[in-house]
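Novice: My questions concern the predicted model and sequence given below.
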Amino acid sequence: MGIKKKVLIVGGTGYLGKRLVKASLEQGHETYVLKRQEIGLDIEKIQMLLSFKKQGARLVNGSFDDHHSLVEAIKQVEIVICAISGVHVRSHQIHLQLKLVDAIKEAGNIKRFLPSEFGMDPSRMLDSMEPGRETFTEKMVVRKAIEDVGIPFTYVSANCFAGYFIGGLCQFGHILPATDSVVLFGDGNQKSIFVDEDDIATYTIKTMDDPRTVNKTLYLMPPANILSQREVVVIWEKLIGKELQKTCLPEEQFLNSIKGQEHALQAAMTHFYHLFYQGCLTNFEIGDNAEEACTLYPEINYTTVKDYLKRYV
């Protein structure tokens, strides 16, 4: 730990991926970004890749349709981090990650692989509601593939991305904070855990070569950000100097609202159900086969929910 590493980031132009590239460069690592042929004529992604290059990253050609190119890209580094998004077609993301596992196995030189997880720990969500359970089941398929071939790994459980949750005061379908009224899930008192996306990237890069986290799950649980929805709303009210009108949405009513929605929306809503009605992020101890990021890296000054919300005032 502390020795600069060669790291390949797959999905570097994505929502979290671009932050991982930035964090890796800031921490002084030799940073490689997979330049996939599939990008085609996506000018924004091309320009982003070129900006990475200008900042010191190395662009490596590769394609998920060309196994050899993936193997050759992986042979140039020591660590692989996958940040491919599964927001739109998750089964496609799982398929790509399995291809990546096969390439890592063949390359035979990787000292650590961090697959694209970064949300709730799927191993704790296998009894969750359908269709949301599919997300966790598919992630466990990738985990099994990694562990079956003996690739050293770290799974990062980052809980709730602040941009998707804090921005909308934890309301489903909102990413900007309300100024007049807010809907609370149940009584609004179930605790969740919120993490700034830049902090997720910083902790991820910090842990990627830490011997204390090899073959373990790293949980991101900033103490000041373990809050209920109601507490998040109160922080916002103090920032804007105004109390919002609050409406509580009963559990049964929320469950009924899931019915009849299209499949992807149903999956997202069931995740919200487990978060804000059942408190699934804070109802367990992390156990012996895991570490907590803020404990391992107290030198990182993470962004609090209050500071995150200030940008919207």
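Specialist: Good, I have the coordinates.

Novice: which other helices and strands contact the helix or strand containing residue 113?
Specialist: If you go by DSSP states H and E, residue 113 is part of strand 112-114. Judged by 3 or more Cβ pairs under 8 Å, 6 or more residues apart in numbering; DSSP states H and E, the packing partners of strand 112-114 are strand 79-82, strand 154-157. All C-beta spots, glycine's among them, are computed from the backbone N, C-alpha and C.

Novice: Which of these sits closest to residue 171?
Specialist: Across those, residue 171 has its closest neighbour in strand 154-157 (23.2 Å, Cβ to Cβ).

Novice: Which residues does the closest one contact?
Specialist: The contact list for strand 154-157 (Cβ atoms under 8 Å, 6 or more residues apart in numbering) reads 112-115, 117-121, 143, 200, 203-204, 207-208, 210, 213-220.

Novice: re earlier: mean neighbour count, the helices and strands packed on strand 112-114: which tops it?
Specialist: strand 79-82 (a mean of 26; mean count of other Cβ atoms under 10 Å).

Novice: What strands line up against that strand, and which way round?
Specialist: strand 6-10 (parallel), strand 112-114 (parallel) (DSSP bridges).

Novice: Could you give the separation of it from the chain centroid?
Specialist: Centroid displacement of strand 79-82 relative to its chain, using Cα atoms, centre = their mean, to the nearest Å, is 14 Å.

Novice: can you check stretch 49-60 too?
Specialist: On Cα atoms, centre = their mean, the centre of stretch 49-60 falls 23 Å from that of its chain.

Novice: So what would you say the end-to-end distance of that stretch is?
Specialist: The first and final residues of stretch 49-60 sit 10 Å from each other (Cα to Cα, to the nearest Å).

Novice: buried stuff in that stretch?
Specialist: For stretch 49-60, a neighbour-count test (16 or more other Cβ atoms under 10 Å) marks 49, 52, 57, 60 as buried.

Novice: Which strands or helices does the lowest-mean-pLDDT helix or strand in the chain pack on?
Specialist: Ranked by mean pLDDT, DSSP states H and E, the weakest helix or strand in the chain is helix 90-107, scoring a mean of 90. On a contact count with 3+ Cβ pairs under 8 Å, 6+ apart, helix 90-107 meets helix 67-74, strand 79-82, helix 133-148.
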